[in-house]
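Q: sequence and predicted structure below; questions after.
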Amino acid sequence: MLYMIVEKFKNSDPVPVYRRFRDRGRLAPEGLTYVSSWVDENMAICYQVMECDDIALLEAWMANWKDLTDFEVIPVITSAEAQQRIAPKL
């Protein structure tokens, strides 16, 4: 399953997040895969796609960052999957 993660850096401050990432890495448990990410120009919000079969892995990863980041989790599918699902209705 793919998840779009919207991370809002607390106090709009990316420095503590990037410092921890530099020092400790992504802190993702085995089985949770980083796909890609984008950061807004103000460096206050990160949009990140993660993949895993067990939501508990995603929750464990977020627990490592919740002191620095507020999370919104949105289950997503690829555009190709969406096209497949909608094709019979066209």
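A: Perfect, thanks for sending it.
Q: low-confidence regions, this protein specifically.
A: Across the chain, nothing is flagged by pLDDT under 70.
Q: ok, which stretches of it are helices?
A: Ranges of helices in the chain, per DSSP state H, are 15-24, 55-63, 79-86.
Q: got the contact list for the last one?
A: Think helix 79-86. By CB atoms under 8 Å, 6 or more residues apart in numbering, the residues outside helix 79-86 that reach it are residue 77. Bear in mind the C-beta positions are built from the backbone N, C-alpha and C, glycine included.
Q: redo that, cut-off 7 Å
A: Helix 79-86 is contacted by no other residue when judged by CB atoms under 7 Å, 6 or more residues apart in numbering.
Q: how about the longest one?
A: Identification of contacts with helix 15-24 by CB under 7 Å, 6+ apart yields 9, 68, 69.
Q: restrict that helix to CA atoms and write it as PDB.
A: Listed next in PDB are the C-alpha coordinates belonging to helix 15-24 (Å, rounded to 0.1, in the frame of the first residue of the first chain):
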ATOM      1  CA  VAL A  15      16.400  22.500  11.000                       C
ATOM      2  CA  PRO A  16      15.700  19.900  13.800                       C
ATOM      3  CA  VAL A  17      14.200  17.500  11.300                       C
ATOM      4  CA  TYR A  18      17.100  17.700   8.900                       C
ATOM      5  CA  ARG A  19      19.600  17.500  11.800                       C
ATOM      6  CA  ARG A  20      18.100  14.300  13.000                       C
ATOM      7  CA  PHE A  21      17.900  12.900   9.500                       C
ATOM      8  CA  ARG A  22      21.600  13.800   9.000                       C
ATOM      9  CA  ASP A  23      22.600  12.200  12.400                       C
ATOM     10  CA  ARG A  24      20.300   9.100  12.500                       C
END
